[in-house]
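Undergrad: Fold the following for me, if possible:
(chains A and B)
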Amino acid sequence: MFRSPTQVNPKGHLILLTAWVLVGLIPIAGLAVWSVLSMENFRLVWEPSLQAYRDVFSSGRWEVTVRTIRVAAIVTVLVSIFAFPFAYWMAKGTRSMATKTILLGLLTVPFFLSLSARTIIWRGLLGLNGPVNGLLLQLGVVSEPLDWLLFSEFAVVLGLIAPYFPTMVFPLYMAFSLIDDEVLDASRDLGASPLFTIVHVVLPLAIPGIGAGFVFTFIPMIGDPVVPTLLGGGNVVVLAESVQSLLRILNYTVAAALSVLMLILLIGFISTAAWLTKRFTGGHSNAIS
Amino acid sequence: MQSRKTGSAHWSEASIWKAVGPLSGLLALSWIYLPILWLIVMSVSAEPLSGFPGPFTSRHYAELFVQSGWVAPLMHSFWLAFAVALVSMICATMIGRAVPRLRRGGLPITAVVLLPLMVPGVVIGTAMFLYLRVFLGFKLGLWSLFAGHFVWAFPFSLLAVLVVSFRFDTRLLDAAADLGSGPWERFWRIEVPLLKDGIIAGGLFAFLLSFNEIARSIYLKGKVETLPVYLWQQASSHSSTVPLIFPLNVIILLASAVLVGVAFWLLFHGARHQESQR
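TA: The predicted structure follows:
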């Protein structure tokens, strides 16, 4: 049989993709199964039970889930406040290719640097006897060192901003870049103010990028144990730590249930956001036509 | 060209945004880079944990030669990252060259590969631990770390290859076939050289992602210690070896930065080169 030279053999890819599903996706689906089994003598038993889900709510693990989501949500909002104008300026405000390349490079490099290394320095800076408290005391802002600077939710939020800023900027930048300059010109020629253009032209067109920015910032942050353990110091227990402690005491079903609940919450968030987006942008296109 | 100019004219009206944009970028980038610079300063300070720089000393760097607990984790991480990078490169090349050419199925395949990016690390780690260790009963070790890191790194490698392969002109393959070259020759002498930059960048990304991975490793490591997990555990503990992690992190930081620089140079310098040839 004749095969065009540009055709690719589907067999090899099928094998690869099957392996991918077996290694990557089946375990995730398995979580749902393990979470409704029961435990006996620290082993999984094939007996359906909802005990694990009851335990999640009775043992305070639920609060850990809520805290994890709260911290991640606060940081996501904070970084987006900085990322929006920055990404818009990079996409539409500067024409210099060199500036763009350097800025994008600067945003990428830290993504590959050790997170614990970049986080641990905050411990010295924010500690009771650290420079920040020293400065505040000297300036007379406070009369005694602030003890909530370190090992608190405040410290965790502070530490998470830097590592999760680039993940917000990239999708926003791409989305803003894809907007045609002529559309912006048209908006201005028709008498729209810059703010009106941003709200009614730029934002609706950039919705996919905004969504991607939130997903790529929010989701990895939920799985990140490094910053909360180093800067929360046991006061800010997040999902990753909680699950790890469950596995250490061989409580597999509750660990699975907790993961499943988080996944359900995330799927809920993402589909709600997608639905709202559809309505929002759908409404706009109607208004235009 | 014309539209670009008027575009920036439009911009200049919104002068508030023009000021706010660079300012917020500058603030955020300093927030990212000042800790990194501070880490370098503290690594040559006598008391890195105090938060105050100086008196300056290279003592902690010398200490690295005496306390060698970090060598075994470093070797594990290095070879692990090497294997993840190699396999990711090969797989990303296979899938990446095919996706732009598939009439149907390109999008679903990409979606399936990118799916794990939508799942937090802790959930994937737990899922793979329960599946491999508890359900299948395997003993965890380097191989399960490899599986976990591969699931994390491969999507990024694929994205790097796709950046290049979507620019690939398949007519070159038709021309080569017309001139009588076989499938393997077409692959090695036309596709590989043209996709090379994306493949290498994908490999470097995979290497670095694996080399710094923590969120999944803590569930999948069995008894094997990897460097980032070792450093993280040292950092969270209050032992006397803590100052050691400052110089060690600085060395790894600088090495990573060089690798990222090389990857970027290959990816974008190559792109500009190809563009100028057209």
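Undergrad: Burial check on residue 243, number of neighbours?
TA: No chain specified, so I'll use chain A. 28 (other CB atoms under 10 Å in any protein chain shown). (C-beta placed from N, C-alpha, C; glycine too.)
Undergrad: I was thinking of chain B, sorry if that wasn't clear
TA: There are 19 residues near B:Pro243, going by other CB under 10 Å.
Undergrad: doesn't it fall inside a helix?
TA: Yes - per DSSP: H, G, I helix; E, B strand; the rest coil, B:Pro243 lies within a helix segment.
Undergrad: Show the pLDDT at the closest residue to A:Gln244 other than its chain neighbours.
TA: Nearest residue to A:Gln244 in three dimensions, chain neighbours excluded: B:Ile218, at 6.2 Å (CB to CB, 6 or more residues apart in numbering or on different chains). Predicted confidence (pLDDT) for B:Ile218: 91.
Undergrad: can you tell me the helix or strand for B:Ile218?
TA: helix B:217-220 (DSSP states H and E).
Undergrad: which is the next helix or strand following that helix?
TA: Beyond helix B:217-220 in the direction of the C-terminus, DSSP H and E gives the next helix or strand as helix B:227-236.
Undergrad: other SSEs contacting that next one?
TA: Contact analysis of helix B:227-236 by 3 or more CB pairs under 8 Å, 6 or more residues apart in numbering or on different chains; DSSP states H and E lists helix A:115-126, helix A:226-232, helix B:71-98, helix B:217-220, helix B:242-264 as its packing neighbours.
Undergrad: Now the residue of the stretch 51-200 of chain A found nearest chain B. Nearest residue, chain neighbours left out?
TA: Residue nearest to chain B within the stretch 51-200 of chain A: A:Trp89 (2.4 Å; CB to the nearest CB). Spatial nearest neighbour of A:Trp89, chain neighbours left out: B:Gly21 (2.4 Å); criterion: CB to CB, 6+ apart.
Undergrad: What count of nearby residues applies to the one you found?
TA: Neighbour tally, B:Gly21, other CB under 10 Å: 23.
Undergrad: What average pLDDT does stretch B:121-138 get?
TA: 91.
Undergrad: thinking again about what came up before, which strands and helices sit next to the helix holding B:Ile218?
TA: On a contact count with 3+ CB pairs under 8 Å, 6+ apart, helix B:217-220 meets helix A:239-248, helix B:121-129, helix B:142-165, helix B:227-236.
Undergrad: Between the helices and strands packed on helix B:227-236, which one is closest to A:Trp34.
TA: Across those, A:Trp34 has its closest neighbour in helix B:217-220 (13.7 Å, CB to CB).
Undergrad: And the contacts of that closest one?
TA: Helix B:217-220 is touched from outside by A:225, A:240, A:244, A:247, B:122, B:125-126, B:128-129, B:132, B:140, B:144-145, B:147-149, B:226, B:228-229, with contacts defined as CB atoms under 8 Å, 6 or more residues apart in numbering or on different chains.
Undergrad: Dump the helices and strands packed on helix B:217-220 to CSV, plus distance to B:Leu64.
TA: Shown next, in CSV, are these (distance: least, CB to CB, whole Å):
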stretch, distance to B:Leu64
helix A:239-248, 29
helix B:121-129, 29
helix B:142-165, 24
helix B:227-236, 12
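Undergrad: most tightly surrounded among those?
TA: Comparing the helices and strands packed on helix B:217-220 by mean neighbour count (mean count of other CB atoms under 10 Å in any protein chain shown), helix B:121-129 ranks first with a mean of 28.
Undergrad: Show residues contacting that helix.
TA: Contacts for helix B:121-129 (CB under 8 Å, 6+ apart): A:23-24, A:27-28, A:30-31, A:220, A:222-225, A:239-240, A:243, A:247, A:255-256, A:259, A:262-263, B:116, B:140, B:144, B:147-148, B:151-152, B:215-220.
Undergrad: Repeat the analysis, applying 7 Å as the threshold.
TA: Helix B:121-129 has contacts (CB atoms under 7 Å, 6 or more residues apart in numbering or on different chains) with A:27-28, A:30-31, A:220, A:223-225, A:239-240, A:243, A:247, A:255, A:259, A:262-263, B:116, B:144, B:147-148, B:151, B:215-216, B:218-220.
Undergrad: Next, the angle from it to helix B:142-165.
TA: 130 degrees (axes from the mean of the first three to the mean of the last three CA atoms, to 10 degrees).
Undergrad: Relative to the whole chain's centre, how far out is helix B:121-129?
TA: Remark: helix B:121-129 is offset 20 Å from the chain centroid, using CA atoms, centre = their mean, to the nearest Å.
Undergrad: and if you look at stretch B:79-91?
TA: The mean C-alpha position of stretch B:79-91 is separated from the chain mean by 12 Å, CA atoms, centre = their mean.
Undergrad: Same check on stretch A:73-81?
TA: Chain-centre distance of stretch A:73-81: 10 Å, with CA atoms, centre = their mean.
Undergrad: At which residues are the helices of the stretch 101-250 of chain A located?
TA: Ranges of helices in the stretch 101-250 of chain A, per DSSP state H, counting those that start in this stretch, are A:115-126, A:131-139, A:153-161, A:166-178, A:181-189, A:194-197, A:203-205, A:207-222, A:226-232, A:239-248.
Undergrad: Pick out the shakiest of those helices, pLDDT-wise.
TA: Averaging pLDDT over each of the helices of the stretch 101-250 of chain A puts helix A:194-197 lowest, since it has a mean of 82.
Undergrad: could you check whether that helix is close to chain B?
TA: Yes - using CB under 7 Å from any CB of the partner chain, helix A:194-197 reaches chain B at A:Pro194.
Undergrad: Work out the gap between that helix and the centre of the chain.
TA: Per CA atoms, centre = their mean, the centroid offset for helix A:194-197 relative to its chain is 29 Å.
Undergrad: And that helix, what's buried?
TA: A:Pro194, A:Thr197 (16 or more other CB atoms under 10 Å in any protein chain shown).
Undergrad: list the helices and strands that helix packs on?
TA: Counting by 3 or more CB pairs under 7 Å, 6 or more residues apart in numbering or on different chains; DSSP states H and E, the packing neighbours recorded for helix A:194-197 are helix A:181-189.
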